[in-house]
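Participant: need a structure here:
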Amino acid sequence: MPDGYQLTHTYTMGIFDFFKKNNDSGRLDAKGLRDAVLQFIKEELQQLDGGEGNLLSGLAIFVYPEEEVRFIYEAALYRGHPEKIREEIQRIADNFALNLPEGWKLAVEYVDELPEGCIRRENIRTGLKLQMASVTAAATPLAKNATLRILKGTAEQDEYQLQTGLKRLNIGRGHQLQASDGSFRTNHLSFPDDPAYEANKYISRQHAHIEWDEQALSFKLYADEGGVPPGNKTKIKSAADESVHKLNSTQVGYTLKDADQIILGDVAILEFSLN
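Facilitator: Next up, the predicted model:
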């Protein structure tokens, strides 16, 4: 039996343990390794589910295998044919409607140790760097203000004005409430907490908020604790192509564009307009 055909417990325990959990023999094979690397990439790309996928200019994969199993990594990552692994990554992005730009670049590098600043997955001896294009004033016109207009649902006002430099505009049911940490939250865009407006019960008291992003020169929508699964939903319908984006994390914001529609709990719709 040729060397390297099957790994034993003498191989690095982290990667051995990973494959032991994922197949009966614990054998490190190219397909299993490729699936693990693609799963790692998928989990990181999903963080861009807020309209930021189109800012990805490049993705770098760093691997640091031990020499006796390097050939398995080379087979897994299509050594000499990087376009194949790029196609698989693009397929993942398409499945999650991440809208990666057409010319995004892929690099696969074999290194002695992972570089600083990369995202690490030690059990498969792999790191990632996502290179994001900078957003400039030329690419994103500076608006003095914007308007949120209620298309569906009952809020305290029909329209709300957003000013450049906005620190935070909270959106939710009820005007003021006490949060779980004891602090008080004011909903600047509030939906009456009144039995007369039964549909409003599907809007969370802490549903979402909008902030001005000084670096990107744009308004960003963030889901709050009550606006992400398993609670009520926060979605955006893009005016550009009518695609629908779901906010699944409180940490990743969505860059609002002119005429985008914000959907709260499937019962309220707000239209965002740049002035």
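
Participant: all helices for the stretch 1-150 of the chain, in order.
Facilitator: Here the stretch 1-150 of the chain has its helices, by DSSP state H, counting those that start in this stretch, at 13-22, 30-45, 70-76, 82-95.

Participant: so which bits of the longest one are buried?
Facilitator: Just to be clear, that refers to helix 30-45. For helix 30-45, the neighbour count (16 or more other CB atoms under 10 Å) marks 32-34, 36-38, 40-41, 45 as buried. From N, CA and C alone the C-beta is placed, and that goes for glycine too.

Participant: end to end, how far does stretch 165-182 reach?
Facilitator: 28 Å (CA to CA, to the nearest Å).

Participant: just put the helices of the stretch 1-150 of the chain in JSON lines and tack on distance to Lys220 and mean pLDDT.
Facilitator: Conversion of these to JSON lines gives the following (distance: least, CB to CB, whole Å; pLDDT from 0 to 100):
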{"stretch": "helix 13-22", "distance to Lys220": "36", "mean pLDDT": "50"}
{"stretch": "helix 30-45", "distance to Lys220": "19", "mean pLDDT": "93"}
{"stretch": "helix 70-76", "distance to Lys220": "37", "mean pLDDT": "94"}
{"stretch": "helix 82-95", "distance to Lys220": "21", "mean pLDDT": "91"}
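
Participant: and of those helices, who's closest to Leu166?
Facilitator: Leu166 lies closest, by CB to CB, to one member of the helices of the stretch 1-150 of the chain: helix 30-45, at 28.9 Å.

Participant: so the closest one versus helix 82-95, what angle?
Facilitator: Helix 30-45 and helix 82-95 meet at an angle of 50 degrees, taking axes from the mean of the first three to the mean of the last three CA atoms, to 10 degrees as the criterion.

Participant: rewinding a little: out of the helices of the stretch 1-150 of the chain, which is closest to Ala240?
Facilitator: Across the helices of the stretch 1-150 of the chain, closest to Ala240 is helix 82-95 (CB to CB), at 16.7 Å.

Participant: thinking again about what came up before, can you redo the helices of the stretch 1-150 of the chain as CSV with distance to Val244?
Facilitator: Below are those laid out as CSV (distance: least, CB to CB, whole Å):
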stretch, distance to Val244
helix 13-22, 33
helix 30-45, 18
helix 70-76, 34
helix 82-95, 15
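
Participant: between those helices, which gets nearest to Leu189?
Facilitator: So among those, helix 30-45 is nearest, using CB to CB, at 31.0 Å.

Participant: okay, that closest one in PDB with CA atoms only?
Facilitator: Coordinates of each C-alpha in helix 30-45 appear next as PDB, following Å, rounded to 0.1, in the frame of the first residue of the first chain:
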ATOM      1  CA  ALA A  30      -9.400  14.800  -1.500                       C
ATOM      2  CA  LYS A  31     -13.200  14.900  -1.800                       C
ATOM      3  CA  GLY A  32     -13.700  15.100   2.000                       C
ATOM      4  CA  LEU A  33     -11.100  17.800   2.300                       C
ATOM      5  CA  ARG A  34     -12.600  19.800  -0.500                       C
ATOM      6  CA  ASP A  35     -16.000  19.600   1.000                       C
ATOM      7  CA  ALA A  36     -14.600  20.800   4.400                       C
ATOM      8  CA  VAL A  37     -12.900  23.800   2.800                       C
ATOM      9  CA  LEU A  38     -16.000  24.700   0.800                       C
ATOM     10  CA  GLN A  39     -18.100  24.500   3.900                       C
ATOM     11  CA  PHE A  40     -15.700  26.900   5.600                       C
ATOM     12  CA  ILE A  41     -15.900  29.300   2.700                       C
ATOM     13  CA  LYS A  42     -19.700  29.000   2.600                       C
ATOM     14  CA  GLU A  43     -20.000  29.900   6.300                       C
ATOM     15  CA  GLU A  44     -17.800  33.000   5.700                       C
ATOM     16  CA  LEU A  45     -19.600  34.100   2.500                       C
END
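
Participant: picking up where we left off before, which one of the buried residues of helix 30-45 is nearest to Leu217?
Facilitator: Leu217 lies nearest to Leu45 out of the buried residues of helix 30-45, by CB to CB, at 24.6 Å.
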